[in-house]
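**Q** here is my input, please return the structure:
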Amino acid sequence: MIFGTNLKIYNAKNDLVDLDDLESIFSVSPEGFGAAIENNIFNAGASFKSSGVDMKASSLKLNLYFGLGDDKSEMVEYRKFVEFLNYPPYRLVYTTDSYELMRGCVLSELTKSDINSNLVLLEQMTLDFTTPFYKEISETYTPETDVEGDGKIYSNYYVTPYVYESDYNGKSGVFSVFNNSKYIGTAKGSPVEVTVHGPCVNPYWEILDGSKILQSDGFLITVPEGYRLVVSSIVQNQRAKLIAPDGTTSDVYQQQDLSRSNFIMIPEGYSTLAFHNVSKATFKYREEYITV
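**A** Numbers count the residues shown, from 1 in each chain. The predicted structure follows:
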């Protein structure tokens, strides 16, 4: 444990283990919250030039104490933790006095030794990260009854739409987004999950910089009343599914409009996300940090 911070971990069943619980399991000396970057460098005469950077895989190393509680149930707590780990992947939650961030991970190592003279188990665990640190930011668009004089998005679908300032912050399906992610050059944007609620026909959405369309996605599909179209660009869970009211899901990749860039990513800094042909839409994106 670092002073002023707390570590928790969730498994795939959404069960929770507090890694700073003195009564069951206690973590000390965590290592691996930084970033490892590989520079793609090539020779240019007597100098060298970078053609880009890539993130290196990184891991979190922890020392774990079992059996510090009054009942000294070190073996029981260890077995309970192994049972918890039986449902990967995991979501690490890193909390400080000012913020809370999550990070996807999988198990790389968990040692097992004999009980020491203090009647506790001291083991080492290594978690391989599968995502940067992130927090999820959500927004919802529900259309309101038009009032004369309200701003609108005007477009004939053959020219760039004009978005009026009064339409921002969800009105008319237009959101002004500020993505404060910190990639240090290793990524071009943050993944986003869009949910479009029926009824609607041929919904689509665009990322704009001013009047310039940067990215777009859409589906040539009818979404009936009560159905949801869920489209995610999250690498570990990329999908395009139509979900019925009873929870039945069907893949709709084949109905994605391939004339668009598809599976949008929210760029760093300011941009606009505009929805078209939708009755209700929600979206959540990951503000990501490669180090804390």
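
**Q** for stretch 178-194, output the C-alpha coordinates as PDB.
**A** The C-alpha trace of stretch 178-194 is given here as PDB (Å, rounded to 0.1, in the frame of the first residue of the first chain):
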ATOM      1  CA  PHE A 178     -12.900  17.200 -23.900                       C
ATOM      2  CA  ASN A 179     -10.800  14.100 -23.700                       C
ATOM      3  CA  ASN A 180      -8.000  14.600 -21.100                       C
ATOM      4  CA  SER A 181      -6.200  11.300 -21.900                       C
ATOM      5  CA  LYS A 182      -2.400  11.200 -21.600                       C
ATOM      6  CA  TYR A 183      -0.900   8.800 -24.200                       C
ATOM      7  CA  ILE A 184       2.500  10.400 -24.700                       C
ATOM      8  CA  GLY A 185       2.200   9.700 -28.400                       C
ATOM      9  CA  THR A 186       1.300   6.000 -28.100                       C
ATOM     10  CA  ALA A 187      -2.300   6.200 -29.200                       C
ATOM     11  CA  LYS A 188      -4.600   8.300 -31.400                       C
ATOM     12  CA  GLY A 189      -7.700   8.300 -29.300                       C
ATOM     13  CA  SER A 190      -9.800   6.700 -26.600                       C
ATOM     14  CA  PRO A 191     -12.300   3.800 -27.100                       C
ATOM     15  CA  VAL A 192     -16.000   4.500 -26.800                       C
ATOM     16  CA  GLU A 193     -19.100   2.400 -26.400                       C
ATOM     17  CA  VAL A 194     -22.300   3.800 -28.100                       C
END
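
**Q** and for that stretch, what are the contacting residues?
**A** Outside stretch 178-194, the residues within contact range by Cβ atoms under 8 Å, 6 or more residues apart in numbering are 35, 37, 52-55, 132, 134, 205, 217, 229-235, 264-271, 281-291. For the C-beta atoms, the positions are set from N, CA and C on the backbone; glycine is no exception.

**Q** in ChimeraX, select just the buried ones from these.
**A** To isolate the buried members of these in ChimeraX, using 16 or more other Cβ atoms under 10 Å:
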select :35,53,55,132,134,205,217,229,230,231,232,233,234,264,265,266,267,268,271,281,282,283,284,285,286,287,288,289,290
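
**Q** where along the stretch 101-250 of the chain do the strands fall?
**A** Shown for the stretch 101-250 of the chain, the strands assigned by DSSP state E, counting those that start in this stretch span residues 121-129, 133-141, 174-179, 190-197, 200-201, 204-209, 212-218, 222-223, 228-232, 239-243, 249-251.

**Q** turn these into TSV, including mean pLDDT and distance to Asp20.
**A** Below are the strands of the stretch 101-250 of the chain laid out as TSV (pLDDT from 0 to 100; distance: least, Cβ to Cβ, whole Å):
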stretch	mean pLDDT	distance to Asp20
strand 121-129	94	14
strand 133-141	92	18
strand 174-179	92	31
strand 190-197	97	29
strand 200-201	96	46
strand 204-209	96	39
strand 212-218	97	41
strand 222-223	97	45
strand 228-232	98	32
strand 239-243	98	34
strand 249-251	97	38
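
**Q** of those strands, flag the one that's most buried.
**A** Mean neighbour counts were compared across the strands of the stretch 101-250 of the chain using mean count of other Cβ atoms under 10 Å; the top stretch is strand 190-197, at a mean of 22.

**Q** direction included, what does that strand pair up with?
**A** Sheet pairing for strand 190-197, assigned by DSSP bridges, gives strand 228-232 (antiparallel), strand 265-266 (antiparallel), strand 280-289 (antiparallel).

**Q** just give me how far the last one sits from the chain centre.
**A** Okay, so that is strand 280-289. Chain-centre distance of strand 280-289: 8 Å, with Cα atoms, centre = their mean, to the nearest Å.

**Q** now the helices for this structure?
**A** For the chain, the helices defined by DSSP state H occupy 74-85.

**Q** so how far is the lowest-mean-pLDDT helix or strand in it from its chain's centroid?
**A** Every helix and strand of the chain was ranked by mean pLDDT, DSSP states H and E. The lowest is strand 47-55, at a mean of 83. With Cα atoms, centre = their mean as the basis, strand 47-55 stands 27 Å off its chain's centre.
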